[in-house]
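Student: fold the following, please.
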Amino acid sequence: MSKRHFFILLLVFTSLFSFSQDAETAFEDTKTKLYLETNIDFASSTEDSRPDAQAGTGTLGIKFLRKFVYGKIRFTVFSKNDNINSENADDSKIFGSNLLIPSNSSSNISNFNFMLGTKSFAKPDDVEVNEDLLSFKRFGGYINFSVHNTEWKKEDLMTPVTTKSLDLHLTYRLLSLDIEGDNGRADLYLIAGLSSRKLAGDYGLSENEEIRKEFIGTDKLGFTGSNFGARLELNNFFGQINMTNFGKDNIAGFSGNQTVISVGFNAGLNLSAKESSNDVMIKAQQLLDEFTLQQKRQEALEKEKK
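Tutor: Coordinates of the predicted model:
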């Protein structure tokens with residue numbers, strides 16, 4: 001699929017996303033919830049089960065939620081693999097697997113992920129739990145952008161690699177169930193859309209064209225493919241399976257039909273960002289006045305001591 005078609009689909013998605021918002025309340029913050037979120041994620045390709053090809057990461061970031069709309073930005077604070085190192089001169093599959101699962105990167109805060117989405121394109125007040133199976137209200141979507149940095153090593157060759165990923169996905173809420181005994185919810189989503197990878201950093205420099213062929217057999221830097229999957233969310237736990245197809249570039253571990261399985265845990269600390277901007281300013285002024293008062297008392301005590 002060409003970049004032009006990908007861009008057109010991106011415009012269509014953002015148009016649907018804006019349609020789901022109420023124009024009269026789009027800029028009100030009184031219903032926004034803000035969370036400090038930590039995540040532990042594990043991902044592995046079914047075609048490459050070696051430990052170096054598997055991602056195990058810990059991230060820390062901020063998440064907001066306003067009715068059906070959500071967004072988050074996360075930074076990698078831990079990764080079980082600091083670099084990607086081939087076992088022998090003929091092993092290029094390990095680099096293809098890293099291109100497929102770019103979160104398998106170094107422990108570097110410059111590795112980040114940004115996501116923006118909506119659970120439904122319909123207005124929240126119009127959506128019920130048990131909508132018709134083919135109802136438009138069951139459809140949502142999200143945009144996900146991430147940047148991951150690592151090093152690729154093969155015998156005497158070593159190069160820093162930056163992988164940029166852009167995902168544009170539609171979601172379909174198949175099931176949404178209350179867990180008996182007030183134990184939260186279980187939600188099952190089907191996912192379909194487009195994914196892209198862009199190799200950059202020193203790896204993408206024009207003088208490194210021949211080096212690129214040593215790692216993945218091609219000097220190509222950009223790849224676009226399709227993705228189909230399913231995601232089960234059970235309170236703070238999740239499991240996801242993705243089936244990708246990035247074309248026929250003949251990159252072992254990446255091209256053709258690939259399957260990635262992910263499991264993880266996320267926990268959020270509510271930062272109580274529900275106040276209006278006016279309430280926040282009032283509280284800030286109260287804190288400032290209290291601090292000023294404490295400063296004056298401290299100065300008075302110091303003068304009495306003298």
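Student: helix or strand: which one has the residue nearest to Val147 when sequence neighbours are not counted?
Tutor: Residue nearest to Val147 in three dimensions, not counting chain neighbours: Lys164, with 5.4 Å by C-beta to C-beta, 6 or more residues apart in numbering. For every residue, glycine as well, the C-beta is placed using N, CA and C. Taking DSSP states H and E as the definition, Lys164 sits inside strand 157-178.
Student: direction included, what does that strand pair up with?
Tutor: Strand 157-178 pairs in its sheet with strand 139-154 (antiparallel), strand 185-200 (antiparallel), by DSSP bridges.
Student: Throw those into TSV and include distance to Ser86, mean pLDDT and mean neighbour count, thanks.
Tutor: Below are those laid out as TSV (distance: least, C-beta to C-beta, whole Å; pLDDT from 0 to 100; neighbours: other C-beta atoms under 10 Å):
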stretch	distance to Ser86	mean pLDDT	mean neighbour count
strand 139-154	4	94	20
strand 185-200	17	94	17
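Student: is it possible to export those to CSV including distance to Asp90?
Tutor: Formatted as CSV, the strands paired with strand 157-178 follow (distance: least, C-beta to C-beta, whole Å):
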stretch, distance to Asp90
strand 139-154, 10
strand 185-200, 21
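Student: pairing partners for the residue nearest the centre of the chain in the sheet, please.
Tutor: The centre of the chain sits closest to Asn113, judged by C-alpha atoms, centre = their mean, with a distance of 4.5 Å. Asn113 forms beta bridges with Arg74, Ser146, as assigned by DSSP bridges.
Student: who are the contact partners of it?
Tutor: Residues counted as contacts of Asn113 (C-beta atoms under 8 Å, 6 or more residues apart in numbering) are 59, 61, 72-74, 103, 144-146.
Student: still on that earlier bit, does the residue nearest to Val147 touch Lys198 like I think?
Tutor: Yes - proximity of Lys164 to Lys198 meets the contact threshold set by C-beta atoms under 8 Å, at 4.2 Å.
Student: per-residue pLDDT of the closest residue to Thr163 other than its chain neighbours, please?
Tutor: Nearest non-adjacent residue to Thr163, counting by C-beta to C-beta, 6+ apart: Pro102, 3.9 Å away. At Pro102, the model reports a pLDDT of 92.
Student: got it, and the one 4 residues further on?
Tutor: You'll see Ser106 listed with a pLDDT of 79.
Student: and it, that one's in a strand?
Tutor: No - counting by DSSP: H, G, I helix; E, B strand; the rest coil, Ser106 is located in no strand; its state is coil.
Student: who does Asp41 form a beta bridge with?
Tutor: With DSSP bridges as the rule, Asp41 is bridged to Thr57, Gly264.
Student: ok, now which ones touch it?
Tutor: By C-beta under 8 Å, 6+ apart, Asp41 lies in contact with 55-59, 103, 262-264.
Student: out of those residues, which are buried?
Tutor: 55-59, 103, 262, 264 (16 or more other C-beta atoms under 10 Å).
Student: need the max-distance pair from these.
Tutor: Gly58 and Ser262 (14.1 Å; C-beta to C-beta).
Student: re earlier: ok, the residue nearest to the centre of the chain to Leu175 distance?
Tutor: 26 Å (C-beta to C-beta, to the nearest Å).
Student: ok, now Asp156?
Tutor: Counting by C-beta to C-beta - Asp156 and Leu175 are separated by 53 Å.
Student: who wins for proximity to Ile211 among the strands paired with strand 157-178?
Tutor: Closest of these to Ile211 is strand 139-154, at 9.3 Å (criterion: C-beta to C-beta).
Student: higher neighbour count, Asp156 and Leu175?
Tutor: Leu175 (11 against 6; other C-beta atoms under 10 Å).
Student: test my guess that the more buried one contacts Leu190.
Tutor: No - counting by C-beta under 8 Å, Leu175 does not reach Leu190; the two are 10.0 Å apart.
Student: how about low-confidence regions in the stretch 51-200 of the chain?
Tutor: 129, 180-183 (pLDDT under 70).
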